[in-house]
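Q: A structural model of the following input is requested.
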Amino acid sequence: MNNNPETQLATAIRALVTRLVKKLRKESTTGQQLSLTERSTMGLLAQYQKLLPSELAAMEKITNQSMSSVLNNLYSLGYITRTASKTDRRKVYIALSKAGEQFLSQMRSERDEWLAKAIRENCTAEEQEWLYRALIPLKKLVDFE
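A: Residues are numbered from 1 along each chain as shown. You can find the predicted model right below:
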């Protein structure tokens, strides 16, 4: 184990954030209906509005064929729409449907409700303030390139 204090801090943050993400995934019964890649793909569509399947595959770091399976399942569930490009009919843009937006909103709401309850029931007012203050340096880490 590295004795460098910065490396030890990095290890502790990574391990804790990983555990928190896993816990949040479990706390949404809605989210458990889909695979991690399907949920992540829907999150990308919410963020970017519409993308080509090849763009989604690249962002998810999976093959186009694997992305095709993901998209076929999401389409069969009614969570995405497919729209041909107006300039190039060979290209099809993928976007969230209203049902997909509702699914994503429900999943996020379940996770937020669980986390709010966990904070409320386990953290003192002072600890909650520490959490607020910790958001600033954590955001810097997320934004670091």
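
Q: Give me the residue at the spatial middle of the chain.
A: residue 40 (4.9 Å; Cα atoms, centre = their mean).

Q: Hmm, that residue is touching residue 62, no?
A: No: applying Cβ atoms under 8 Å, one finds residue 40 not in contact with residue 62, separated by 9.9 Å. Where C-beta positions appear, they are placed from N, C-alpha and C, glycine not excepted.

Q: Domain-wise, how is this structure divided?
A: Domains of the chain are assigned by automatic domain parsing as 1-32+98-145, 34-96.

Q: Show me the contact partners of the least confident helix or strand in the chain by mean pLDDT.
A: Here the helix or strand of the chain ranked lowest by mean pLDDT, DSSP states H and E is helix 5-26, holding a mean of 93. For helix 5-26, contacts defined as Cβ atoms under 8 Å, 6 or more residues apart in numbering pick out 1-2, 31-32, 36, 111, 114-115, 141.
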